[in-house]
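Peer 1: Structure for this input, please:
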Amino acid sequence: MKKCMYSLILNEDVVNEIDRLAYERGTNRSNLINGILAEYCRMVTPEMHIKNIFDQIFSMFEGTQFLPAKVPNSGIMAIKTSLDYKYHPTVKYEVQLLHGRGRAEGNLRVGLRTQNSELLRVLADFFNKLSVCEAKYSPRENYEPFVFDGAKFVKPLDLGELGEADVTDVAATINAYVRVINDMLNSYFAGKYSCDEEFEKDYLNHISAMPIII
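Peer 2: Numbers count the residues shown, from 1 in each chain. Model (predicted):
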């Protein structure tokens with residue numbers, strides 16, 4: 001949705017209360033008023049879509065080995081878990097969704113909390129193999145692989161048009177994709193793949209149940 005600047009004349013007490021609520025919710029005056037008016041007019045803004053997606057993802061991960069956390073008014077959700085490897089290093093999955101073109105798009109960033117060069121090398125090998133599999137089976141003509149940005153492995157996400165009916169599928173896909181990567185990452189560190197063919201076969205088994213192939 002395109003945003004424009006408008007001038008409104010409001011009661012000072014109303015503005016003060018709006019500012020107080022905006023502060024409590026980690027947003028600003030314009031975003032809060034926009035959301036209130038959209039809700040009153042029974043409209044769903046892109047920000048509401050993203051909030052609904054994150055709310056569903058949060059409930060899917062709640063009570064599991066994953067620790068989800070939403071960053072207010074940022075379009076970002078962080079999901080942490082530990083790797084089944086010595087010292088149990090923390091793996092952080094960071095999902096960012098954008099709302100510029102009416103699509104569910106953004107990026108996924110994956111990082112390992114460690115300075116161990118050997119662990120980081122194995123992690124890089126894993127994402128190289130995963131990207132090869134994804135490129136081979138992706139339904140998208142312009143597949144974009146994971147790229148190391150100097151701190152984390154980053155992959156663009158494009159899950160299609162963002163309509164109300166799509167929210168559940170988008171949330172379920174992100175939830176499933178994080179679990180696929182995490183399961184395979186643990187298997188890779190445990191040395192369960194004796195060859196690239198076994199890695200590819202396990203990848204296909206994992207993505208078969210995903211609502212949308214990323």
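Peer 1: Could you report the neighbour count for Phe127?
Peer 2: The number of residues packed near Phe127 is 21, by other CB atoms under 10 Å. C-beta: built from backbone N, CA, C; applies to glycine.
Peer 1: what's the spacing between it and Pro211?
Peer 2: 23 Å (CB to CB, to the nearest Å).
Peer 1: Likewise for Arg42?
Peer 2: 27 Å.
Peer 1: Quick check, central residue of the protein?
Peer 2: Val95 (2.3 Å; CA atoms, centre = their mean).
Peer 1: in the least confident helix or strand in the chain by mean pLDDT, what counts as buried?
Peer 2: Every helix and strand in the chain was compared by mean pLDDT, DSSP states H and E; the lowest is helix 29-40, with a mean of 80. With burial defined by 16 or more other CB atoms under 10 Å, the residues of helix 29-40 counted as buried are Asn31, Leu32, Ile33, Asn34, Gly35.
Peer 1: what does stretch 135-146 give?
Peer 2: Result for stretch 135-146 [16+ other CB under 10 Å]: buried residues Glu144, Pro145, Phe146.
Peer 1: and the last one, backbone torsions?
Peer 2: What that stands for is Phe146. phi -70, psi 140 (degrees, to the nearest 10).
Peer 1: From what I see, it and Val154 are in contact.
Peer 2: Yes. Judged on CB atoms under 8 Å, Phe146 makes contact with Val154 at a distance of 6.7 Å.
Peer 1: Now do the shared contacts for these two.
Peer 2: Residues touching both Phe146 and Val154 by CB atoms under 8 Å, 6 or more residues apart in numbering: Val110.
Peer 1: Can you show me the helices along this protein?
Peer 2: 12-24, 29-40, 46-61, 117-137, 167-189, 196-207 (DSSP state H).
Peer 1: among the ones you listed, which is nearest Met77?
Peer 2: Of all the helices of the chain, it is helix 46-61 that lies closest to Met77, at 5.0 Å by CB to CB.
Peer 1: quick one: low-confidence parts of the protein?
Peer 2: 1-3, 73, 99-104, 160-165 (pLDDT under 70).
Peer 1: can you do 80?
Peer 2: Counting by pLDDT under 80, the chain contains low-confidence ranges at 1-6, 25-26, 31, 34-35, 38-40, 42-49, 71-74, 99-104, 159-166, 211-214.
Peer 1: Which residue ranges make up each domain of the chain?
Peer 2: Using automatic domain parsing, the domain parsing of the chain gives 10-43, 46-207.
Peer 1: residues near Leu8, how many?
Peer 2: Using other CB under 10 Å: Leu8 sits among 6 other residues.
Peer 1: show me what contacts it?
Peer 2: Here Leu8 is in contact with Ile33 (criterion: CB under 8 Å, 6+ apart).
Peer 1: Kind regards, and thank you for your time.
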